[in-house]
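# I'd like to go over a predicted model; first the sequence, then the structure.
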Amino acid sequence: MSPAGIAQAVPQGVEYVRILPEIVLSVSGMVIMVLDPLVDERGSQKLLGLIGLIGSVAAIAATLYQSQYPGLGFWGMVKVDAFSTFFHALVTAIAAVVILSSYEYMEVQRIRAGEYYGLILFGAVGMCLMSSAVELVLIFIALEISSISTYVLAGFRRRAAISSEASLKYFLLGSFATAFFLYGVALMFGATGSTSIAVIGEALRSNRIPVLAYAGVAFMFVGLGFKVAAAPFHVWTPDVYEGAPAPVVGFMSTAPKAAAFAVLLRVMFEANAPGRLGLIWVTAALSMTLGNVGALVQHNVKRLLAYSSLAHAGYLLVAFAALPNNGIPAAMFYTASYAAMNVGAFAVVSHLAGAGERFVTLDDYAGLGRRSPLLAATLTIFLLSLIGIPMTGGFFAKFYVFSAALQANLIGLTIIGVLNSAVGAYYYLRIIVMMYMREAREEVPAAIPVSPALGVALALSVAATLYLGLLPGKILAYASRSAAELLR
């Protein structure tokens with residue numbers, strides 16, 4: 001039976017279960033937008049943020065419920081399986097933690113909260129849909145839903161010129177990259193006669209691969225490479241990360257990347273994309289090298305973490321170059337580990353930045369170990385995980401990625417990755433040295449107490465980082481089952 005036939009055989013009620021998390025997020029976002037004009041600025045901060053938090057937690061519950069009804073829906077355009085469930089849960093969990101870490105930030109920056117929380121939820125709708133869509137046109141629509149929300153969020157510090165500049169750069173370059181992805185979809189349709197990933201995969205396995213298919217894969221890879229900030233499509237990353245609000249950067253650097261990597265996994269492996277190994281090998285090596293070298297010379301913490309994000313995209317792409325049975329689980333585990341530690345790191349940065357984000361340089365972190373020992377220890381855990389120190393999620397993430405590469409006989413790429421990990425350790429340790437071995441500047445205010453919401457966000461991030469470092473077996477086993485389903 002064709003995918004369309006399978007979808008038509010599903011009862012109508014179950015059809016909507018296929019997109020239940022997206023429905024929950026959309027309704028929550030619309031409630032926030034309707035209530036925003038009706039409440040005063042002070043009341044909107046807590047009320048609308050609470051609605052956003054409830055909506056994201058409800059979406060996690062909807063994802064768990066949805067996983068009991070695997071299969072295709074809406075004429076074979078949406079697929080619920082263990083793979084999509086993993087990324088749905090990850091994206092909605094990131095949204096919940098970012099909302100928690102935004103309460104204090106929005107109050108300190110004196111930004112009206114209304115549409116901010118709505119845009120986070122609407123962005124999560126697109127990202128969730130990207131992970132379950134198995135039709136290229138629907139993936140493009142979901143990509144646009146995600147992108148438009150993040151373009152606006154990047155410029156949310158309206159009184160800061162650097163934020164408006166970041167939003168404009170992100171929009172212009174993002175629109176250009178989206179056009180590449182759409183051209184790639186058109187070329188793939190011309191090569192195979194379909195935009196369904198399953199049909200494309202069958203066509204490319206059974207027939208002689210046309211030149212159009214290679215061109216289509218290359219164009220789509222450019223569009224998705226922009227979303228994951230992989231070299232050489234990364235030029236927007238440092239400026240946008242520096243200008244965007246710190247919690248938004250934590251969101252942008254994790255959730256859209258997770259969704260884009262989910263699409264890449266489907267396109268590269270389920271659709272059996274031709275010529276993928278060469279593209280991924282070069283991009284991974286460039287991303288790791290340029291990211292780490294660029295981070296070495298940064299003095300602004302947000303720009304440093306931007307180049308760090310580029311390097312981690314390179315590490316993750318190493319898993320894409322490996323054999324799918326090992327590479328897909330490694331990539332999924334790495335995505336979850338990176339999300340936990342990076343969202344937590346930017347939550348700390350948002351707390352320390354102060355009004356107008358004045359305190360975001362390395363010198364501003366001097367003496368933090370004495371001013372706020374608990375906050376410094378929390379940031380240290382995230383930085384050690386980014387390095388890949390044992391007992392943290394980052395250690396097993398890199399271990400699984402490089403192991404998958406070695407099993408695929410990618411010796412050269414593995415050596416480049418290991419050397420880059422050693423280089424990356426320098427600039428992460430540099431922040432730790434500033435916190436514990438340098439005297440605080442007089443201009444930097446004394447430590448501000450952490451709000452309860454931010455405390456919960458940091459606690460969840462630390463718990464996830466340590467859990468993935470101490471007990472990685474369950475997540476990796478689930479990722480392995482997801483890979484088996486995807487490949488089958």
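Thanks, I have it. Residues are numbered from 1 along each chain as shown.
# Now do the strands in the protein.
Using DSSP state E, the strands assigned to the chain run over residues 71-73, 78-80.
# would you list those strands in CSV and tack on mean neighbour count, mean pLDDT and distance to residue 396?
Just so you know, the C-beta spots here come from the backbone N, C-alpha and C atoms, and that holds for glycine as well. CSV is the format used below for the strands of the chain (neighbours: other CB atoms under 10 Å; pLDDT from 0 to 100; distance: least, CB to CB, whole Å):
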stretch, mean neighbour count, mean pLDDT, distance to residue 396
strand 71-73, 21, 88, 32
strand 78-80, 24, 93, 28
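# can you put the ones you listed in TSV and add distance to residue 435?
Shown next, in TSV, are the strands of the chain (distance: least, CB to CB, whole Å):
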stretch	distance to residue 435
strand 71-73	50
strand 78-80	44
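# quick one: which of the ones you listed is nearest residue 399?
strand 78-80 (30.1 Å; CB to CB).
# Quick check: which helices or strands does that closest one pack against?
strand 71-73, helix 114-132 (3 or more CB pairs under 8 Å, 6 or more residues apart in numbering; DSSP states H and E).
# Pull the number of nearby residues for residue 166.
27 (other CB atoms under 10 Å).
# one step back: from the helices and strands packed on strand 78-80, which stretch is densest packed?
Among these, ranked by average contacts under mean count of other CB atoms under 10 Å, first place goes to helix 114-132 (a mean of 27).
# Determine the set of other helices and strands touching that one.
Packing partners of helix 114-132 (3+ CB pairs under 8 Å, 6+ apart): helix 20-35, helix 41-66, strand 78-80, helix 82-109, helix 136-154, helix 255-265.
# mean pLDDT for these: which is lowest?
Among those, helix 41-66 carries the lowest mean pLDDT, at a mean of 89.
# Only the buried residues of that helix, if you could.
44-45, 47-49, 51-53, 55-60, 62-63, 66 (16 or more other CB atoms under 10 Å).
# Show me the shaky parts of the stretch 101-250 of the chain.
Applying pLDDT under 70 to the stretch 101-250 of the chain flags no residue at all.
# Then the stretch 301-450 of the chain?
For the stretch 301-450 of the chain (pLDDT under 70), the answer is 446-447.
# Going along the chain, name the helices of it.
Per DSSP state H, counting those that start in this stretch, the stretch 301-450 of the chain carries helices over the ranges 301-321, 324-353, 368-371, 373-387, 393-407, 411-437.
# Can you list the buried residues in the longest helix along the chain?
Secondary structure of the chain per DSSP state H: the longest helix is helix 161-192. Residues of helix 161-192 classed as buried: 163-167, 169-171, 173-174, 177-178, 180-189, 191-192 (neighbour count, 16+ other CB under 10 Å).
# now stretch 456-467
So, applying 16+ other CB under 10 Å, buried residues of stretch 456-467: 456-458, 460-462, 464-466.
# before we move on, what about stretch 319-327?
319-322, 324, 326-327.
# Check stretch 256-272 too.
256-272.
# Kindly check the end-to-end length of stretch 366-381 for me.
17 Å (CA to CA, to the nearest Å).
# List of residues touching it?
341, 344-345, 348, 351-352, 392, 431-432, 434-436, 438-441, 444, 446-447, 450, 458, 462, 465-466 (CB atoms under 8 Å, 6 or more residues apart in numbering).
# which non-adjacent residue is nearest the residue most central in space within the chain?
Nearest to the mean C-alpha position of the chain, counting by CA atoms, centre = their mean, stands residue 254 at 2.3 Å. Sequence neighbours aside, residue 339 is the residue nearest to residue 254 in space, at 4.2 Å (criterion: CB to CB, 6 or more residues apart in numbering).
# How many residues are close by residue 27?
For residue 27, using other CB under 10 Å, the count is 13.
# on that earlier part again, I'd say the residue nearest to residue 254 and residue 256 touch.
No: using CB atoms under 8 Å, residue 339 makes no contact with residue 256, being 11.0 Å away.
# how about a markdown table for the helices and strands packed on helix 114-132, with distance to residue 487 added?
Shown next, in a markdown table, are the helices and strands packed on helix 114-132 (distance: least, CB to CB, whole Å):
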| stretch | distance to residue 487 |
| --- | --- |
| helix 20-35 | 24 |
| helix 41-66 | 22 |
| strand 78-80 | 14 |
| helix 82-109 | 10 |
| helix 136-154 | 19 |
| helix 255-265 | 10 |
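# was I right about residue 236 contacting residue 170?
Yes: between residue 236 and residue 170 there is a contact under CB under 8 Å: 5.7 Å.
# if we can go back for a sec, of the buried residues of stretch 319-327, just say which sits nearest to residue 208.
Using CB to CB, those come closest to residue 208 at residue 324, 22.4 Å.
# related to what we said a few turns ago, out of the helices of the stretch 301-450 of the chain, which comes closest to residue 277?
helix 301-321 (6.0 Å).
# From the contact counts, what lies against the closest one?
helix 237-243, helix 246-252, helix 255-265, helix 276-296, helix 324-353, helix 393-407, helix 411-437.
# Tell me which of these approaches residue 471 most closely.
helix 393-407 (9.9 Å).
# who's in contact with the closest one?
By CB under 8 Å, 6+ apart, helix 393-407 touches 315-316, 318-319, 321-323, 326-327, 329-331, 333-334, 336-338, 340-341, 384-389, 413-414, 417-418, 421, 464-469, 472, 476.
# Now it: buried residues?
For helix 393-407, a neighbour-count test (16+ other CB under 10 Å) marks 393-405 as buried.
# State the pair within those residues that is farthest apart.
393 and 405 (18.7 Å).
# Done for today, thanks.
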